[in-house]
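Enquirer: structure here, sequence nowhere to be found:
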């Protein structure tokens, strides 16, 4: 309980799941297995970039060019 960097709640994990639910309401495309896989991969990559405090747009651009940035 001395480490203040550790959150007392599980909101971060719940936010990660909530984005999928919202996406399902907006588009019906996630009902297909391929759509879910692509969405989850991209969303997970963006989430990791944000957690590592890396620039998300330029990092996505680099990943598309097959030169993904390393944290």
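Expert: Yep, it's here. Every value quoted in this text rests on a predicted model; they were computed, and no experiment measured them.
Enquirer: ramachandran coordinates for residue 4?
Expert: For residue 4, the backbone dihedrals (degrees, to the nearest 10) come out as phi -80, psi -10.
Enquirer: so it versus residue 22, what's the distance?
Expert: In this view, residue 4 and residue 22 are 30 Å apart by C-beta to C-beta, to the nearest Å. All C-beta atoms are positioned from the backbone trio N, CA, C, and that covers glycine.
Enquirer: mind checking how far the one helix or strand residue 36 maps to is from the chain centre?
Expert: According to DSSP states H and E, residue 36 maps onto helix 33-51. Offset of helix 33-51 from its chain centre (C-alpha atoms, centre = their mean, to the nearest Å): 5 Å.
Enquirer: averaged pLDDT, that helix. What do you get?
Expert: Mean pLDDT, computed over helix 33-51, is 81.
Enquirer: how about stretch 54-68?
Expert: So the average pLDDT for stretch 54-68 ends up being 83.
Enquirer: and that stretch, which residues are buried?
Expert: 59, 60 (16 or more other C-beta atoms under 10 Å).
Enquirer: please enumerate residues in contact with that stretch?
Expert: Residues outside stretch 54-68 that contact it (C-beta atoms under 8 Å, 6 or more residues apart in numbering) are 45, 46, 49, 50, 69, 71.
Enquirer: how far away is residue 50 from residue 66?
Expert: 22 Å.
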